[in-house]
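**Student:** need a 3D model of the following:
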Amino acid sequence: MRFSLLSQALCGATVVVGLPGLKRAVEATAPLLPISGMDHKLVPLEQAIEEFANAPKAKSDPATYNDTASPEELAKTNGLFATEEVSAASCASNPNIRYEWDDYSTSDRQALMSAFKCLMNKPASGAFTASKSRWEDFARLHQMYTPNVHNNQKFLPWHRYFTWTFEQVLRDECGFDRAFFWFDETKHAGAFSSSDAFSSAYLGTLGGSSHCVTDGAFAGLTVNIGPGSGNTPHCLSRQGNAADTAQCSTSYLNSCLSNNDYTDFEKCFEYGPHGYGHNGIGGVMADVYASPAEPFFWFHHTFVDRAWRIWELADPNNRYASIDGTDINGNPLTLDTVLYMGGIRPDVTIRQVINTLSGDALCYRYNY
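**Tutor:** Below is the predicted model:
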């Protein structure tokens, strides 16, 4: 995955990268390929309500669920981060905070975009066939593991550790030294394009028709992983769909959070806001196999992970102590089920990631 810095045009439009110091026009020579038949399973809210009508429900009100960091915690972190291995006591008293995009400073946003581009311009590790950069190592790993970590209950813990691993590689290999972020999709349900994340300063505009991305920090990006389980160079593409992103709503989130059992919560969220968030961006993001090639993937999966965390916090004594559901082969999940990370980071068990403040493999919470 590399950027061409020729001063030419893509699809008849000359574009400018939005990060400071990167003012040259960008050309994408890779073609716009259709992403069809590779998208995510979707269940609309009305159907989900009916499907889970008889599922055991939580005794508390999902509208009250949050992960609000105290002013003292925010003051302690002050936008900084801690190392990835700390004691449980130290983690609980001084956790890393993930700040919602609108609470993220301009300086932090620019540092994040620069770190993303750093990984895109780093050579691939060589451990992942077809990957052309360190960034694409993640897309290829996801592509390889897609059947194992989608459409079953391993989905949430695996993606939690996948996102944490990505964050640590940004830090270790690209010097990213800011607090991490998350993106509250409920604020933009049905109108993702209204967020300044989708602007020429950051991710580039969303648009409503199928197109190669021609503005923002990732204009002219060539994707070498996908579409689907194959690998053919194509441009970073999007096709915004407001009807789909409208399902990433507070109502849908709360409906999923109302389910008392993990399996019911996971199914509701994976096929609900998670799937609609992917398909609502369209293009590469809709590709269930290779979607991590799209920078917004990491925005979306912080939203997904935060939803699981606040569900856990509603009954932490029980929800940190057990997990239910099965893997792709129908084997029951347990806290000792292993999550594989392809050698990018050590493999871990669900036990090590089920509580993000355990201080074992993880140490973070969200600012609300």
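
**Student:** just for this protein, where's the confidence low?
**Tutor:** For the chain, the stretches with pLDDT under 70 are 1-28, 72-73, 76-88.

**Student:** would you point out which residue is most central in it?
**Tutor:** In the chain, the centroid-proximal residue (C-alpha atoms, centre = their mean) is His301; its distance is 2.3 Å.

**Student:** list the contacts of that residue.
**Tutor:** Neighbour list for His301: His159, Phe162, Thr163 [criterion: C-beta atoms under 8 Å, 6 or more residues apart in numbering]. For glycine as for every other residue, the C-beta is placed from the backbone atoms N, C-alpha and C.

**Student:** what is the nearest of those residues to Asp315?
**Tutor:** His159 (21.4 Å; C-beta to C-beta).

**Student:** quick one: contacts for that closest one?
**Tutor:** Val149, His301, Val304, Asp305.

**Student:** tell me which two in the residues you listed are the farthest apart.
**Tutor:** Largest separation among those by C-beta to C-beta: Val149 and Asp305, giving 13.6 Å.

**Student:** neighbour count winner among the two?
**Tutor:** Asp305 (23 against 20; other C-beta atoms under 10 Å).

**Student:** in terms of helices and strands, where is the more buried one?
**Tutor:** helix 296-313 (DSSP states H and E).

**Student:** export the contacts of His159 to CSV and tack on distance to Thr334?
**Tutor:** Below are the contacts of His159 laid out as CSV (distance: C-beta to C-beta, whole Å):
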residue, distance to Thr334
Val149, 16
His301, 24
Val304, 22
Asp305, 21
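
**Student:** so Ile97: helix, strand or coil?
**Tutor:** Following DSSP: H, G, I helix; E, B strand; the rest coil, we place Ile97 in the strand state.

**Student:** tell me how many other residues surround it.
**Tutor:** When neighbours are defined as other C-beta under 10 Å, Ile97 has 24 of them.

**Student:** do Val223 as well
**Tutor:** Val223 is flanked by 27 other residues according to other C-beta under 10 Å.

**Student:** quick check, nearest of the contacts of His301 to Asn224?
**Tutor:** Among these, and counting by C-beta to C-beta, the member closest to Asn224 is Phe162, at 19.3 Å.

**Student:** now the closest one: how far from Ala139?
**Tutor:** Distance, Phe162 to Ala139, by C-beta to C-beta, to the nearest Å: 11 Å.

**Student:** could you do Ala53 as well?
**Tutor:** Taken as C-beta to C-beta, the span from Ala53 to Ala139 is 38 Å.

**Student:** more neighbours: those two, which one.
**Tutor:** Higher neighbour count among Ala53 and Ala139: Ala139, with 28 against 8, using other C-beta under 10 Å.

**Student:** that one contacts Asn231, doesn't it?
**Tutor:** No. Ala139 is beyond contact range of Asn231, at 9.8 Å (criterion: C-beta atoms under 8 Å).

**Student:** show me what the helix or strand where Gln143 lies is in contact with.
**Tutor:** Per DSSP H and E, Gln143 falls inside helix 134-149. Here helix 134-149 makes contact (C-beta under 8 Å, 6+ apart) with 1, 116, 119-120, 122-125, 127-131, 154-155, 158-159, 162, 166, 169, 173, 223-226, 229, 288-293, 327-328, 340-342, 344.

**Student:** that one: how far from the chain's middle?
**Tutor:** 13 Å (C-alpha atoms, centre = their mean, to the nearest Å).

**Student:** over to stretch 130-148?
**Tutor:** 14 Å.

**Student:** any idea how far Ile344 is from the closest residue to Phe181 other than its chain neighbours?
**Tutor:** Counting by C-beta to C-beta, 6 or more residues apart in numbering, the nearest residue to Phe181 once its immediate chain neighbours are dropped is Tyr104, at 5.0 Å. With distances taken as C-beta to C-beta, Tyr104 is found 25 Å from Ile344.

**Student:** likewise Ile310?
**Tutor:** 27 Å.

**Student:** now do Phe297
**Tutor:** 16 Å.

**Student:** so which of these two has more stuff around it?
**Tutor:** Phe297 (24 against 17).

**Student:** what residues are up against that one?
**Tutor:** The contact partners of Phe297, taken as C-beta under 8 Å, 6+ apart, are Met285, Ser291.

**Student:** surely Tyr65 touches Ile310?
**Tutor:** Yes. Here Tyr65 reaches Ile310: they are 4.2 Å apart, a contact under C-beta under 8 Å.

**Student:** which residues are in contact with both of these two?
**Tutor:** Common contact partners of Tyr65 and Ile310 (C-beta under 8 Å, 6+ apart): Leu257.

**Student:** please compute how far the top helix by length along the chain lies from its chain's middle.
**Tutor:** The longest helix of the chain (DSSP state H) is helix 155-174. The chain centroid and the centroid of helix 155-174 are separated by 10 Å under C-alpha atoms, centre = their mean.

**Student:** next secondary structure after that helix?
**Tutor:** strand 181-182.

**Student:** who are the packing partners of that following strand?
**Tutor:** Judged by 3 or more C-beta pairs under 8 Å, 6 or more residues apart in numbering; DSSP states H and E, the packing partners of strand 181-182 are strand 96-100, helix 296-313.

**Student:** relative to Asn151, how far out is Thr337?
**Tutor:** From Thr337 to Asn151 the distance is 16 Å (C-beta to C-beta).

**Student:** so which of these two has more stuff around it?
**Tutor:** Thr337 (19 against 16).

**Student:** skip the chain neighbours and tell me the closest residue to the more buried one.
**Tutor:** Nearest to Thr337 is Ile350, by C-beta to C-beta, 6+ apart, at 5.0 Å.

**Student:** which residues touch the one you found?
**Tutor:** Applying C-beta under 8 Å, 6+ apart, the residues near Ile350 are Pro157, Ile323, Leu333, Thr334, Leu335, Asp336, Thr337, Leu339.
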